[in-house]
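K.L.:
give me a 3D structure for the following:
(one chain, ligands or ions: 1)
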Amino acid sequence: MKLAQKLAQKLAKYGQEHLLSFDGLNETECDAYLSQLEAIDFGLLESLHRPLPRRGQISPAPLLTVEEIAQRREEYERAGVAALRAGKVACVLLAGGQGTRLGTKDPKGAFDIGVTKPVYIFELLIRNLLGVCERCGAYVPLLIMTSEKNDAATKQFLEAHTYFGYPAAYVRFFTQELLPCVDLDGKIMLETRGRLVLSPGGNGGWYASLMKSGVAQEFPNAEWYNVFGVDNVLQRIADPVFIGATILSGAQSGSKIVAKTDPEEHVGMLCLEDGKPAVIEYFELTSEMAHARDGDGNLRYRCGIVLNYLFSKRMLENIATQRIPVHVVKKRIACMGADGKTRMPETENGYKFETLILDFVNLAGSCLPFEVEREKEFAPVKNRTGKDSVATARALLRANGMEL
Ligand code: UTP
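P.N.:
Numbers count the residues shown, from 1 in each chain. Predicted structure coming up:
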């Protein structure tokens, strides 16, 4: 059977015949379009109709508190520094997102948060990592995940700033997967004639993309991956105390958490689900659970995640063959209108498919919730103004003695 015929059958099977139009495309465009069509994972479309999995029995996760950490700080730090010196830890910076809420065309890490002088988000993260390297007397591999959308711009920016002093020999880039988007009727969308709308498939694809890129294999001693988001400008990366505590706990993963003090705060929570660690969205907790307090007056469910995890390589290899849950997210998606032009609609017009790193916690089977002080380690830059914004992050940076 001819390739085109096979493809037509497949498209018909999944109700996507509207894609089978090659009108007005030249040969090169036709080839490019065909390879996009062939690469579609139609299994994704099934996620549209799959009911959300029912949650098991949720209970609070016992955490390692700031006070408990302080008591064993030296021991943890020693273990962490030893692992870092032995090259057993690699850092993975998740920078493949589009930063739509911040509303910048540039990669989020290239955002200048300075006031009287330029201070870039990447610069703050790298400065922080350099501090750890100086303390340990060893550099840590810094593996940066981009997407096709921002790969060139990210590389260009970091090269132009000579990686803010980080040795290039320890920096690698790898790109994450892009996935098609569908409209509200489940039809795969076109960006323009002969080109699908493709969007970064969430941060859960990081390990598969890392392995596929061959980058992980360049650092075979790495037994632990510290994976973190691009937008928390106060976070500590490759934190020896966190690394040491996780290794000594015997858990297969660790997650930095901040204690939630406002029951209504919209933050993902590290809990136990049927006795196994799992991240629960704030809206999945009943109001009773969200407000419940323990004997000391603390919220019982208080482990707010900050997107800074440590995963053992052994655990990652174990889960590599498992299918990570696909989340379907309703969004505004720029697509081709009736006139053939690409436009961003005013309202949500379709769904994106995403896998999320927070699902790794459950797949890991064990996770140490490691509490950090919110005022010292949590300053997310998500929005231009308001909550978790440039302004709130600046205030927190200043409160930590940073000149901006
Ligand atoms: P967010 O969920 O905040 O998404 O990502 P975002 O794309 O940065 O911002 P919005 O939602 O469009 O405003 C959390 C972290 O995961 C990374 C981001 O770069 C950020 O570090 N991420 C997100 C990826 O690496 N890939 C993705 O596909 C999505």
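K.L.:
average pLDDT for stretch 117-125?
P.N.:
Averaged over stretch 117-125, pLDDT sits at 97.
K.L.:
distance-wise, check Ile324 relative to the ligand.
P.N.:
13 Å (CB to the nearest ligand atom, to the nearest Å). Every residue, glycine included, has its C-beta placed from N, CA and C.
K.L.:
sec struct for His49, please.
P.N.:
Judged by DSSP: H, G, I helix; E, B strand; the rest coil, the three-state class of His49 is coil.
K.L.:
and it, how far from the ligand?
P.N.:
23 Å.
K.L.:
cool, and Asp262?
P.N.:
Counting by CB to the nearest ligand atom, the gap from Asp262 to the ligand is 20 Å.
K.L.:
how many other residues sit next to that residue?
P.N.:
Residues lying near Asp262 (other CB atoms under 10 Å) number 10.
K.L.:
now Leu310
P.N.:
Leu310 - counted by other CB under 10 Å - has 27 other residues nearby.
K.L.:
element containing it?
P.N.:
Using DSSP states H and E, Leu310 sits within strand 303-312.
K.L.:
what's the mean pLDDT across that strand?
P.N.:
Strand 303-312 shows a mean pLDDT of 97.
K.L.:
and it, how far out from the chain middle?
P.N.:
11 Å (CA atoms, centre = their mean, to the nearest Å).
K.L.:
helices and strands around it, which ones?
P.N.:
strand 224-229, helix 240-249, strand 253-259, strand 269-273, helix 359-364 (3 or more CB pairs under 8 Å, 6 or more residues apart in numbering; DSSP states H and E).
K.L.:
against which helices or strands is the helix or strand that it is followed by packed?
P.N.:
Under the assignment DSSP H and E, the closest C-terminal helix or strand after strand 303-312 is helix 313-319. Identification of packing neighbours for helix 313-319 by 3+ CB pairs under 8 Å, 6+ apart yields strand 224-229, helix 359-364.
K.L.:
ok, now how distant is the closest residue to Thr146 other than its chain neighbours from the ligand?
P.N.:
With sequence-adjacent residues excluded and distances taken as CB to CB, 6 or more residues apart in numbering, Thr146 is closest to Thr154, at 4.8 Å. From Thr154 across to the ligand, the span is 10 Å (CB to the nearest ligand atom).
K.L.:
can I assume Thr154 sits in a helix?
P.N.:
Yes: when three-state DSSP is applied, Thr154 is found to be in a helix.
K.L.:
show me where the stretch 201-350 of the chain dips below the pLDDT cut-off.
P.N.:
Judged against pLDDT under 70, the stretch 201-350 of the chain has no low-scoring part.
K.L.:
for the closest residue to the ligand within it, what are its contacts?
P.N.:
Closest residue of the stretch 201-350 of the chain to the ligand, CB to the nearest ligand atom: Gly229 (3.3 Å). Going by CB atoms under 8 Å, 6 or more residues apart in numbering, Gly229 touches Leu94, Asn203, Leu307, Asn308, Pro380.
K.L.:
cool, and Lys260?
P.N.:
Going by CB under 8 Å, 6+ apart, Lys260 touches Val267, Met269, Leu299, Tyr301, Arg302, Cys303, Gly304.
K.L.:
quick revisit: so which of the helices and strands packed on helix 313-319 is the most packed in?
P.N.:
Sort the helices and strands packed on helix 313-319 by mean neighbour count, taking mean count of other CB atoms under 10 Å, and strand 224-229 sits at the top with a mean of 24.
K.L.:
so what's Glu377 up against?
P.N.:
Contacts of Glu377 (CB under 8 Å, 6+ apart): Asn232, Leu234, Gln235, Arg236, Lys256, Val258, Val306.
K.L.:
correct me if wrong: the fourth one contacts Phe242.
P.N.:
When you say that, I think you mean Arg236. Yes: the pair formed by Arg236 and Phe242 meets the contact definition of CB atoms under 8 Å, at 7.4 Å.
K.L.:
the two: who's more crowded?
P.N.:
Using other CB under 10 Å, the more surrounded residue of Arg236 and Phe242 is Phe242, with 27 against 20.
K.L.:
where does the residue in the chain positioned nearest to the ligand land in three-state SS?
P.N.:
At 2.4 Å from the ligand, Gly97 is the closest residue in the chain, using CB to the nearest ligand atom. Using three-state DSSP, the structure places Gly97 in coil.
K.L.:
then the one 5 residues further on?
P.N.:
The local conformation at Leu102, judged by three-state DSSP, is coil.
K.L.:
thinking it is in contact with Lys108, fair?
P.N.:
Yes: using CB under 8 Å, Leu102 is in contact with Lys108, at 6.1 Å.
K.L.:
returning to what we had before: so what's the residue of the stretch 201-350 of the chain closest to the ligand bridging to?
P.N.:
Gly229 has these beta-bridge partners by DSSP bridges: Leu94.
K.L.:
could you measure from it over to Val306?
P.N.:
Using CB to CB, to the nearest Å, Gly229 is found at 8 Å from Val306.
K.L.:
which neighbours do those two share?
P.N.:
Residues touching both Gly229 and Val306 by CB under 8 Å, 6+ apart: Pro380.
K.L.:
can you tell me how far Gly250 is from Ala79?
P.N.:
Going from Gly250 to Ala79 by CB to CB gives 12 Å.
K.L.:
who's more crowded, those two?
P.N.:
Neighbour count, other CB under 10 Å: between Gly250 and Ala79, Ala79 has more, with 19 against 8.
K.L.:
by how many degrees do the helix or strand hosting that one and helix 240-249 diverge?
P.N.:
Applying DSSP H and E as the criterion places Ala79 in helix 73-85. Here helix 73-85 points in a direction 90 degrees away from that of helix 240-249 (axes from the mean of the first three to the mean of the last three CA atoms, to 10 degrees).
K.L.:
list the buried ones in helix 73-85?
P.N.:
Neighbour-count burial for helix 73-85 flags Tyr76, Glu77, Ala79, Gly80, Val81, Ala83, Leu84 (criterion: 16 or more other CB atoms under 10 Å).
K.L.:
got the residues of this protein near the ligand?
P.N.:
94-101, 108, 145, 176, 200-203, 229-231, 307, 382 (CB under 6 Å from any ligand atom).
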